[in-house]
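Undergrad: after the sequence you'll find the predicted model.
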Amino acid sequence: MNKLLAANFSRMLKNKFLYIGILVLGGAIAMQLYKDYTYVQSHPGEIISLDIFLLMYSKVAIIISSIFAGFFIGTEYSDKTIRNKIIVGHTRIAVYIANMITCVLATLIFFLTPMLVTVLAGLPISGVFTWSSKVLIQTILCSILTVIAFVSIFMPIVMLISNKAVGTITVLIITSLMIFSAVEVGDMLAEPEMIQGVATIGSDGVTIEYSEEPNPNYLEGTARKVWQAVYDCLPGGQISQYGGNTLPQNISMFPVYSFMVILVSSGAGILIFRKKNLK
């Protein structure tokens, strides 16, 4: 396993896409910080709240990491590296786990880059964190486990599709669907129970009064419980709930759900990979 990891890390550090991803994410968050800084400069008395920048590009980081995994693992297939690893005596389980650890590390680099830039560039320009220490620490730790759950889901895809282009496109589409479908579910759950109704003239004949009426799009009962459970269990829903100034309502269960996703996805991926015909 150590030899597999050493070889993978060496390849990862030579991978140009790793540095392109870091530059894209670091540059994007730096531009956001600069925009906020110039705004504060023209509005004396206001402060820069750095909290919103920490996870601003978390979804982008996950999408970039899926592309990295597709190219990284796909290259192993095109160069016959995976087959050679098996031939020299490494087990398929060890190969799978080593590749997953490598992709997790790359993903964490992408994920943590905006955070590092926020701290290094944000604090010197009088930025402050408004989240409490509990919210800050728990959000970061839970979000890291959520990111690993994402990797565990798209790893079976890139490990089972030998064609680099097909594997990369497939995992990119699936990862994007996971993220954006979760946003849609979040919007559904955020619908208010009551909405503004018909406007009427007040009793004084001047003021306009609005009645309230039930929102037909509001989820209630069993439907709401089911969609909330889906939103909390899947990594896409979890990553969509991070970033507020308060912890998500069910965040204490997020690590449990993420761990379950990691076990199920990795277990299924390893079982299928063991039976894959390596050409």
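TA: All right, it came through fine.

Undergrad: where in this protein is pLDDT low?
TA: Low-confidence segments of the chain (pLDDT under 70): 40, 43, 45-46, 126-127, 194-212, 243-246, 279.

Undergrad: mind listing the strands for the stretch 1-150 of the chain?
TA: Applying DSSP state E, counting those that start in this stretch to the stretch 1-150 of the chain gives strands spanning 48-49, 127-128.

Undergrad: surely residue 33 and residue 120 touch.
TA: No - with contact defined as Cβ atoms under 8 Å, residue 33 does not reach residue 120; the gap is 10.0 Å. Placement of C-beta: from N, CA and C, glycine included.

Undergrad: which one's more surrounded, these two?
TA: Between residue 33 and residue 120, counted using other Cβ atoms under 10 Å, the more crowded position is residue 33 (21 against 11).

Undergrad: residues touching that one, list them.
TA: By Cβ atoms under 8 Å, 6 or more residues apart in numbering, the residues touching residue 33 are 48, 53, 117-118, 121-122, 125, 127.

Undergrad: do you know how far it is from residue 119?
TA: From residue 33 across to residue 119, the span is 11 Å (Cβ to Cβ, to the nearest Å).

Undergrad: follow-up on the earlier one: in helices, which of the contacts of residue 33 fall?
TA: If you go by DSSP state H, the contacts of residue 33 have 53, 117 in helices.

Undergrad: between the contacts of residue 33, which is nearest residue 15?
TA: Nearest to residue 15 among the contacts of residue 33: residue 117, at 20.6 Å, using Cβ to Cβ.

Undergrad: burial count for the closest one?
TA: So residue 117, with other Cβ under 10 Å, has 21 neighbours.

Undergrad: just to revisit the earlier point, report the two of the contacts of residue 33 separated the most.
TA: Farthest pair in the contacts of residue 33, by Cβ to Cβ: 48 and 117, 13.7 Å.

Undergrad: tell me the SS of residue 248?
TA: Judged by DSSP: H, G, I helix; E, B strand; the rest coil, the three-state class of residue 248 is coil.

Undergrad: phi and psi next, for it.
TA: phi -60, psi 150 (degrees, to the nearest 10).
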